[in-house]
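J.: coords please:
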Amino acid sequence: MAWHIGEILVQKKLISWEQLQDALSEQLKTREFTGQILVRKRYISELLLYKALAEQHQIRYVPLPHTKINPKAVAAVPKSIAEKYNIIPIEIIRDELVIAVGSPLNVWPESELKAITGFTQIRVVLCLPADIKQAIQENYK
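T.: Numbers count the residues shown, from 1 in each chain. Have a look, this model is predicted:
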């Protein structure tokens, strides 16, 4: 059974059970994701939420502002695709393209990316959505 994000945050002692219960009761009214409510209420930072989401989905969290982005990776993915799906290619490791996504739940065109780029393997890492938008602006001219 997969852990819910709230359970992970409580287990790591990043929020209390009371804070989780407060967020869950608000979620019934607003239909927002639990994590969004916890960040909005300032129970947890967006950074800590994203690190926990990466753990929940068993992918790596990457601090994009402190990451050197490979221009060859960027050149492999058209700017229009990067903007449409809020993704940024960051590295090429052998025959694998590493792309940063802003949500582990977002749908992005894996088969299309493989066809466009010629890479047979695509690895996903998680980054803050605002950092991805900034990286797209800085890396696509």
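J.: where exactly do the strands run in the protein?
T.: 60-61, 87-93, 96-101, 121-126 (DSSP state E).
J.: would you mark the buried spots in the third one?
T.: By 16 or more other CB atoms under 10 Å, the buried positions in strand 96-101 come out as 97, 98, 99, 100, 101. Bear in mind the C-beta positions are built from the backbone N, C-alpha and C, glycine included.
J.: turn those residues into a markdown table, columns for pLDDT and distance to residue 32.
T.: Below are the buried residues of strand 96-101 laid out as a markdown table (pLDDT from 0 to 100; distance: CB to CB, whole Å):
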| residue | pLDDT | distance to residue 32 |
| --- | --- | --- |
| 97 | 97 | 32 |
| 98 | 97 | 30 |
| 99 | 96 | 26 |
| 100 | 96 | 23 |
| 101 | 95 | 20 |
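J.: ok, residue 121 - how many residues close by?
T.: 11 (other CB atoms under 10 Å).
J.: and it, what does it touch?
T.: Residues near residue 121 by CB atoms under 8 Å, 6 or more residues apart in numbering: 95, 96, 97.
J.: okay, and the beta partners of the second one?
T.: Put plainly, it is residue 96. Beta-bridge partners for residue 96, by DSSP bridges, are residue 93, residue 121.
J.: flag the shaky bits of this structure, pLDDT-wise.
T.: 1-2 (pLDDT under 70).
J.: tell me the helices and strands packed up against the helix ranked longest in it.
T.: Longest helix of the chain, by residue count under DSSP state H: helix 17-30. For helix 17-30, the packing partners by 3 or more CB pairs under 8 Å, 6 or more residues apart in numbering; DSSP states H and E come out as helix 5-11, helix 34-40.
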